[in-house]
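>>> Can you look at this prediction? I've put the sequence above it.
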Amino acid sequence: MLGKQNNRTANNSPLAGRAEFAPTGVELAMLKDKALFSRLEAIRLIEIAKVGHYTSAFSAAELFASLYYGVMRLKPGEPNWAERDRFMMGKGHAAVGLFPILADLGFFPTEVLDGYTRLGNPLGDHPDMRKVPGIDFSSGSIGHALSAGCGMALAGRILGKDFHTFVMIGDGELQEGQVWEAALFGAHNRLNRLIGIIDRNGYQLDGAVDDIITVEPIVDKWRSFGWETHVVDGHDIGAVTTLLRSLKADTARDRPVMVVAETVKGRGVSYMEAEPGWHLGYLDPVDAKRAIAEIKAMEIRG
Amino acid sequence: MLGKQNNRTANNSPLAGRAEFAPTGVELAMLKDKALFSRLEAIRLIEIAKVGHYTSAFSAAELFASLYYGVMRLKPGEPNWAERDRFMMGKGHAAVGLFPILADLGFFPTEVLDGYTRLGNPLGDHPDMRKVPGIDFSSGSIGHALSAGCGMALAGRILGKDFHTFVMIGDGELQEGQVWEAALFGAHNRLNRLIGIIDRNGYQLDGAVDDIITVEPIVDKWRSFGWETHVVDGHDIGAVTTLLRSLKADTARDRPVMVVAETVKGRGVSYMEAEPGWHLGYLDPVDAKRAIAEIKAMEIRG
Amino acid sequence: MNRPLSEKSWQYRQLNAQTPGLDALSDALLELVQAGEPVVAGTADLQYSNGLAKFARECPERFVQFGISEQNMVSAAAGMAAVGLKPYVATFASFLALLCCEQIRMDVAYSALPVRLIGHHAGISLGFYGTSHHATEDLAIARSIAGLTVVAPADGAQLASVIAASADYAEPIYIRTQRGRDPVVYQAGKPFVFGKAIKHLGGKDLVIIACGSTVHPALQAAKALNAKGHSVGLLDMATVKPIDSDAILEAATNARMVLTVEEHNVLGGLGGAVAEVIAGEGLPVKLRRHGIHDEYSLIAPPTHLYAHYKLDSAGIEEIAAGLLA
Amino acid sequence: MNRPLSEKSWQYRQLNAQTPGLDALSDALLELVQAGEPVVAGTADLQYSNGLAKFARECPERFVQFGISEQNMVSAAAGMAAVGLKPYVATFASFLALLCCEQIRMDVAYSALPVRLIGHHAGISLGFYGTSHHATEDLAIARSIAGLTVVAPADGAQLASVIAASADYAEPIYIRTQRGRDPVVYQAGKPFVFGKAIKHLGGKDLVIIACGSTVHPALQAAKALNAKGHSVGLLDMATVKPIDSDAILEAATNARMVLTVEEHNVLGGLGGAVAEVIAGEGLPVKLRRHGIHDEYSLIAPPTHLYAHYKLDSAGIEEIAAGLLA
Ligand SMILES: Cc1ncc(C[n+]2csc(CCOP(=O)(O)OP(=O)(O)O)c2C)c(N)n1
Ligand SMILES: Cc1ncc(C[n+]2csc(CCOP(=O)(O)OP(=O)(O)O)c2C)c(N)n1
Ligand SMILES: [Mg+2]
Ligand SMILES: [Mg+2]
């Protein structure tokens, strides 16, 4: 289990991104549709709360859709199924984009969405594993998720299970030291069924990551920490799905893998893409309408 | 102050290690002597405590001697002198090798050493800035020191001072996430008067660092975190002193620098060098005598 | 999309402008800078939440942005203090008192350095952000750390007074604040005295002891009950540590009952501190500790939570009336 | 250097063999493994200090070495528990309860996962290692965290009983222990009941309430005083949370005075918990809280510190006698 790493270099996955893992045309259309759905629902839910993280959810919409409709092994009717793939996110504040997907898949009734953030409702700004079927781990305090994911992946090995553990983290999140503790631990223990995804949207709360505390060069950092590292366009849902499937299929890998998903914070709504201050905010229904129109037009835009 | 890094590559210090910074022959003899003195005194003090970190102090003996007798700007009679260079260490458990040096330099009376770890004495297993003149920052909880050093270096800049801040950290210490938070912060803020030194002795408490949680490749990690990084034989006190002096003199550097000092845990005592379990322990006076003889013979060994 | 957005839409960077109460911290710090104090202010990627964006704009050379690295922030602040600066560092109370608990103890409190730790959005004031963003443990944690002064100002004016008074205060301080929307309790400019409770009302039947966010609603509740013929007192225990034992004992000697009200777990915080004083004297007064009863708050907008947990004036009045019955 | 070393010399790896009391933890865990429990044990580069080296040797496939990454250890333990394991993770109390306070709250306690956190070498038992290695705040911190059970066994036998009882316990637990050199208080095999104080002696003048390291010396002090004609009781409050209010109230109703003794700050810990119960009932009993009086301990070998801070039997007797005078 422990020990020095073998000679396979950090980035030589023979399967990575191979065409055989690509979604079919029908699948691809469905996946794109689900990513739009996630965005549209996020707008609807935030209207209930009157404040929310639109842009953090939008940058991750293709990632959520790809994972839940195209990559992960799930039984929505049995949320605690022991063999399921796990997903958790350090950037828990993007949960508003994930809840609609979980409801859509049948983890819980869609009516629950309508009470988003209201007293007694299980759905808040951050995902809560004790309250929400389908949520594998709670978050909200940025930086814990990769550690929890290491624990899950290691437990899977100890229990002889073959599920995969996916952990999404923000690029600002890389400033939390605990992420690097987990990075060392995951590499040392060769947690080869652990797949991290960095939502590299370039922004955090107070501004551009590179202005706040730069985390570049991200790829060099993860390679130097012993992770197989790939870069992908995080809005090209076909490429994302192909890559993640191929990484799941690569049973010969001897280490964890990190996917750097290049994304745009606020993707789909022009003024959010252009104005990083939108990390948190509220859209008056008039503006929401225009945002919805833009999102619906994404399909055409590309 | 903030912003992207310039084009000077991570390792192109034009002055690093240049001969003009080398200690003279007389100096070199004195420095070597002080490193032996540190080890011998550590043995004496641990006999008072009846338990101590011999080997952590021995791997750092040349580093302590080089810094305090050959590199740092100090006024032992004025321990709070605002212009002094600062030193702190995350591996505070090696303080038993530093206290004798501080006393030798006149920071406090040497008699204080004789009460090491006794009730009411300021000297314990870890350095305490509130109690011990010459100690610039307290430690004992591994992982804080580089952050404190970042704060000092930044404060120096804000206050317009030109002192240097030296931070020694253990190789096991690199497993603490806070070290990597500080690494990002120091690089982002271009703390060019911050000089880190990793005592790369290969061992931590429970065994070899590479067996516990590997931190290799160390140099790649620090470079990918934006630090100018050098490797030196940590027991070649001439080379260490030359390098540290040249790094201090390099006023054109635009980033912090990390020196990876390759050392041997327990250096100077053969059975400690061979047996990593000596991280903590006690030498019966009979064995101490043999250890002392070996240390005194180091001068000849080389 | 070139049309400007509706006036009702807003984004994070406008939070400051929308919430004028958030200026209190920056304004007070800028005054210290102007007075020549070697102040630096820092935050961990929350400059709009705590209003330090204003300080950053007006005094960039004394502002430090730490990113999402709270522990590095606290230890680095200690390092800055060791070189002669007076750092004020701010983040959500949960990410300060809990996440940096050990750095606070070792580098700040044990080292006795003049660092000021501002834990804002304390208690359950972050509503539906949930437990990760709630801090109902921070007073207990901060109180257990030797050498750390703990204050919880009730409003922006009192916060400003605390900051002003902190300039000459040798000890490190943990300052627990809300979200910049506090109803006004105090007039600006009132000097703050560390360690002294502020007596608003004397009471023979019951004395309420509150701090921070509960002072205003408790005051309203006390007034309402007094209007109904009861004698209910109110003490603002703005300094939770060192606690003003004299004020507690005076209240406990003159009244039959004491009610502590805090936006915090009823274990170990303000109520715990008052219990220690009362039990230490063996006074026969009955103490009721009100707050969050050792559970995790539900999620909801903060005002809904305050109503649910009876931490608004109506709720406190109900609790107090129950004791008086 | 080929001659073997003297028998009096020793190194870290021999600590286990030198300190048989350290086997208690590993032995109890190995029993659970043998009973088929999905137990894993982990530590953060301290396997010889807590004796888990034995577990690691005998059951390597269930041992996890985390290196000097305590926070990763706690969150990863939560992740393991979420997949069905029962993780027991151990490190010095200061690096667990303080350094990982926020991870404990969020990932373990709020998530209600069956993680067992063993904070060893608590209090000032690390003597001249100093404040960084002392933990006189951990009980206050752990008590403030909702959903966390807090126990402080007095000796190896009680620790073993706690571990055995923990197998079927649904809640997360913080277990505060010493350095494996505790004088014997309990016989092996006594079943441990969470939440129930253990009454050693009844008392009419004074009841001493202790936990963990102070049970043994307090028992000796009580016996010595009783031999001198006093009536001094002793309760072992091994479960600090949830606290056994009934036992406290019984003691406080029958005795004139209560004395809590803890190797912990007198603010917020065992004494704080007892104060909350007593003041909550308005009992006129006088409570004296003894422990570390909101200061940082000096450094010295532990026994010297216990004498200095009056936490050994002679010191406790002196404090109690002062109250009885
Ligand atoms: C430990 C912690 N510190 C601070 C915060 C407040 N916070 C919420 S979102 C955020 C920025 C996150 O940026 P990034 O990781 O890049 O995520 P993005 O939303 O851009 O995907 C911050 C600082 C938090 N949730 N947790
Ligand atoms: C936060 C923290 N965790 C654990 C310890 C206990 N501890 C003391 S020394 C040590 C090993 C240090 O190894 P390394 O950093 O390599 O230092 P070395 O002695 O080898 O120079 C550990 C784990 C500590 N002091 N602080
Ligand atoms: Mg981002
Ligand atoms: Mg080492």
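Perfect, I can see it now. Numbering: from 1, shown residues only, chains lettered A, B, ... in the order given. Ligands and ions are numbered 1, 2, ... in the order given.

>>> where along chain A do the helices fall?
For chain A, the helices defined by DSSP state H cover A:25-49, A:54-59, A:61-66, A:99-105, A:111-114, A:145-158, A:177-188, A:209-212, A:218-224, A:237-249, A:270-274, A:285-296, A:298-301.

>>> Dump those helices to JSON lines, plus mean neighbour count.
Any C-beta I mention is one placed from the backbone N, CA and C, and that applies to glycine too. Listed next are those as JSON lines, based on neighbours: other C-beta atoms under 10 Å in any protein chain shown:
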{"stretch": "helix A:25-49", "mean neighbour count": "19"}
{"stretch": "helix A:54-59", "mean neighbour count": "29"}
{"stretch": "helix A:61-66", "mean neighbour count": "28"}
{"stretch": "helix A:99-105", "mean neighbour count": "22"}
{"stretch": "helix A:111-114", "mean neighbour count": "15"}
{"stretch": "helix A:145-158", "mean neighbour count": "29"}
{"stretch": "helix A:177-188", "mean neighbour count": "29"}
{"stretch": "helix A:209-212", "mean neighbour count": "22"}
{"stretch": "helix A:218-224", "mean neighbour count": "21"}
{"stretch": "helix A:237-249", "mean neighbour count": "22"}
{"stretch": "helix A:270-274", "mean neighbour count": "17"}
{"stretch": "helix A:285-296", "mean neighbour count": "17"}
{"stretch": "helix A:298-301", "mean neighbour count": "11"}
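
>>> Same list (those helices) but as JSON lines, adding mean pLDDT.
Shown next, in JSON lines, are those (pLDDT from 0 to 100):
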{"stretch": "helix A:25-49", "mean pLDDT": "98"}
{"stretch": "helix A:54-59", "mean pLDDT": "97"}
{"stretch": "helix A:61-66", "mean pLDDT": "98"}
{"stretch": "helix A:99-105", "mean pLDDT": "98"}
{"stretch": "helix A:111-114", "mean pLDDT": "98"}
{"stretch": "helix A:145-158", "mean pLDDT": "98"}
{"stretch": "helix A:177-188", "mean pLDDT": "98"}
{"stretch": "helix A:209-212", "mean pLDDT": "98"}
{"stretch": "helix A:218-224", "mean pLDDT": "98"}
{"stretch": "helix A:237-249", "mean pLDDT": "98"}
{"stretch": "helix A:270-274", "mean pLDDT": "91"}
{"stretch": "helix A:285-296", "mean pLDDT": "95"}
{"stretch": "helix A:298-301", "mean pLDDT": "72"}
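
>>> Distance to C:Gln187 added to these, as CSV?
Shown next, in CSV, are these (distance: least, C-beta to C-beta, whole Å):
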stretch, distance to C:Gln187
helix A:25-49, 35
helix A:54-59, 40
helix A:61-66, 50
helix A:99-105, 46
helix A:111-114, 45
helix A:145-158, 46
helix A:177-188, 43
helix A:209-212, 38
helix A:218-224, 51
helix A:237-249, 58
helix A:270-274, 42
helix A:285-296, 40
helix A:298-301, 54
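
>>> Compare the ones you listed and report which one is nearest to B:Gly151.
Of all the helices of chain A, helix A:177-188 sits nearest to B:Gly151, with 15.5 Å by C-beta to C-beta.

>>> How about that closest one and ligand 1, touching?
No: looking at helix A:177-188 against ligand 1 by C-beta under 6 Å from any ligand atom, there are no contacts, and the closest approach is 9.0 Å.

>>> Could you give the separation of that helix from the chain centroid?
18 Å (C-alpha atoms, centre = their mean, to the nearest Å).

>>> Please apply the same query to stretch A:147-163.
19 Å.

>>> quick one: it near ligand 1?
No: against ligand 1, stretch A:147-163 shows no contacts by C-beta under 6 Å from any ligand atom, the least distance being 12.8 Å.

>>> Which residue does chain A have closest to ligand 1?
At 2.0 Å from ligand 1, A:Gly170 is the closest residue in chain A, using C-beta to the nearest ligand atom.

>>> So for that residue, what's the pLDDT?
pLDDT recorded at A:Gly170 is 98.

>>> Could you find the closest non-adjacent residue to the one residue in the stretch 1-150 of chain A that gets nearest to chain C?
Nearest residue of the stretch 1-150 of chain A to chain C: A:Gly140, at 2.7 Å (C-beta to the nearest C-beta). Nearest non-adjacent residue to A:Gly140, counting by C-beta to C-beta, 6 or more residues apart in numbering or on different chains: C:Ser132, 2.7 Å away.

>>> tell me the SS of the nearest residue to C:Val285 once chain neighbours are set aside?
Spatial nearest neighbour of C:Val285, excluding adjacent residues (C-beta to C-beta, 6+ apart): C:Ala252 at 4.3 Å. Three-state call for C:Ala252 (DSSP: H, G, I helix; E, B strand; the rest coil): helix.

>>> Show me where chain C has its strands.
C:10-11, C:39-43, C:63-65, C:86-92, C:116-120, C:149-151, C:173-176, C:198-201, C:206-210, C:232-236, C:239-241, C:257-265, C:286-292 (DSSP state E).

>>> The third one: partners in the sheet, and parallel or antiparallel?
Paired strands of strand C:63-65, with direction, are strand C:39-43 (parallel) (DSSP bridges).
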